[in-house]
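Asker: A structural model of the following input is requested.
(one chain, ligands or ions: 1)
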Amino acid sequence: MANLIDGKAIAEQITNEVRAEVGELSKKGIIPGLAVVLVGENPASKVYVRNKQKACEKAGITSIKISYEATVSEKELLEKICELNNKKEVDGILVQLPLPKHIDENKIISAISPLKDVDGFHPENVGKLVLGQKTFLPCTPAGIQQLLIRKEIATAGKHVVVIGRSNIVGKPAAFLFLQKGIGGDATVTIVHSRTKNLAEITKQADILIAAIGVPNFVKAEMVKEEAVVIDVGINRVEIGENESKLVGDVDFENVSKKASFITPVPGGVGPMTIAMLLKNTTEAAKLRV
Ligand code: NAD
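Answerer: Numbers count the residues shown, from 1 in each chain. Take a look at the predicted model:
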């Protein structure tokens, strides 16, 4: 049976570290501030925003929520971002994705000041990540990397296979593990919906990262014996009338019998994403000094 990687506990540890840093900043009169922009009524987005705000409170970070109806215009949203870019007490700006179809997500993300882009999605910050320069790292990939570092699971020389090529998880995760240094130096392969013989490649992974959005996609026969399996997926599945539960992208029951380490869903990568957001917001606040 695989060792469970307790993302909740590690996230708590990081939150405590952030709280201590916030304490130091407050001595200089700086209270880190995060602005969260929520558009529409997507229930999952609402839960994510609530959890992010709760975590900010725990760490001593001030968070403000700006909510809009789904019908808000792109222009109005851009104006708000411009206003937040200029507000001294706002160190980080997060626009909860996805946005309604009539709003160009790329335009909105590009409007956020790269110095306040605590999600690490701005093209300038993505470019820096690719080049191996210091920048705000996207929270979910950075959270995965921290899980491995803090569990002392070496990545150097290992074959990391990432399933999924999204801009939020798959692509930045691949670049992160490719970088030189601690938590990097891996040989990285990305597979996706158009990959042929996907299981042949995933079976070669020393570390397998699943970011697909398909419940229980990764089966035991797709995983090498003793592999480290990181499940990024968050999927709500019906389990009866008016009853549902969260599951990941990995068939946990069977894969956990084969893997050496595995993350649970919930309680694995999810809490780490939020912890890294707190970390990025505090780093952004340090730029005020
Ligand atoms: P996405 O839909 O943007 O990307 C999914 C990727 O999976 C695509 O690149 C696609 O090529 C690949 N894919 C889809 N079907 C496939 C198939 N049959 N075979 C191979 N590849 C396939 O999703 P995303 O934003 O990257 O999110 C992925 C999952 O991670 C979702 O369940 C999402 O809810 C979850 N997520 C979790 C966190 C967290 O904090 N834990 C953060 C972000 C996303």
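Asker: Just the pLDDT for I274.
Answerer: Residue-level confidence at I274 comes out at 98, pLDDT.
Asker: Please disregard the earlier target; I meant N242.
Answerer: Among the per-residue scores, N242 holds a pLDDT of 89.
Asker: Burial check on it, number of neighbours?
Answerer: N242 sits with 5 neighbouring residues when counted by other C-beta atoms under 10 Å. Backbone N, C-alpha and C define where each C-beta goes, glycine included.
Asker: Can you tell me how far it is from N42?
Answerer: According to C-beta to C-beta, to the nearest Å, N242 and N42 sit 20 Å apart.
Asker: Would you mind naming what in the chain lies close to the ligand?
Answerer: Proximity of the chain to the ligand is confined to 140, 163-166, 168-170, 192-193, 198, 211-214, 232-235, 269-270, 273 under the rule C-beta under 6 Å from any ligand atom.
Asker: Quickly list the domain ranges of the chain.
Answerer: For the chain, automatic domain parsing gives the domain ranges 29-113, 139-270.
Asker: okay, those domains in JSON lines with distance to A9 next?
Answerer: Below are the domains of the chain laid out as JSON lines (distance: least, C-beta to C-beta, whole Å):
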{"stretch": "domain 29-113", "distance to A9": "14"}
{"stretch": "domain 139-270", "distance to A9": "9"}
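Asker: show me where this protein has strands.
Answerer: 3-4, 33-39, 62-68, 92-95, 159-163, 187-191, 207-210, 228-231, 235-240, 243-247, 261-262 (DSSP state E).
Asker: Which residues does whichever helix in the chain runs longest contact?
Answerer: In the chain, ranked by residue count with DSSP state H as the criterion, the top helix is helix 7-27. Where contact means C-beta atoms under 8 Å, 6 or more residues apart in numbering, the residues beyond helix 7-27 that reach it are 31-32, 55, 58-61, 143, 146-147, 150-151, 263-264, 267-272, 274-276, 278-279, 282, 285-286.
Asker: could you give the angle of that helix to strand 62-68?
Answerer: Here the directions of helix 7-27 and strand 62-68 differ by 110 degrees (axes from the mean of the first three to the mean of the last three C-alpha atoms, to 10 degrees).
Asker: what comes up buried for helix 7-27?
Answerer: Neighbour counts using 16 or more other C-beta atoms under 10 Å place G7, I10, A11, I14, T15, V18, E21, V22, L25 of helix 7-27 among the buried residues.
Asker: Verify the contact between P32 and A284 for me.
Answerer: Yes. Applying C-beta atoms under 8 Å as the test, P32 and A284 come out as touching, 7.2 Å apart.
Asker: Now do the shared contacts for the two.
Answerer: When C-beta under 8 Å, 6+ apart defines a contact, the residues bordering P32 and A284 alike are D91, G92.
Asker: These two: which is more packed in?
Answerer: In this comparison of P32 against A284, neighbours counted by other C-beta under 10 Å, the higher total goes to P32 at 29 against 22.
Asker: what's the nearest residue to the more buried one if we skip its chain neighbours?
Answerer: Spatially, and ignoring its direct neighbours in sequence, P32 is nearest to A285 (3.6 Å; C-beta to C-beta, 6 or more residues apart in numbering).
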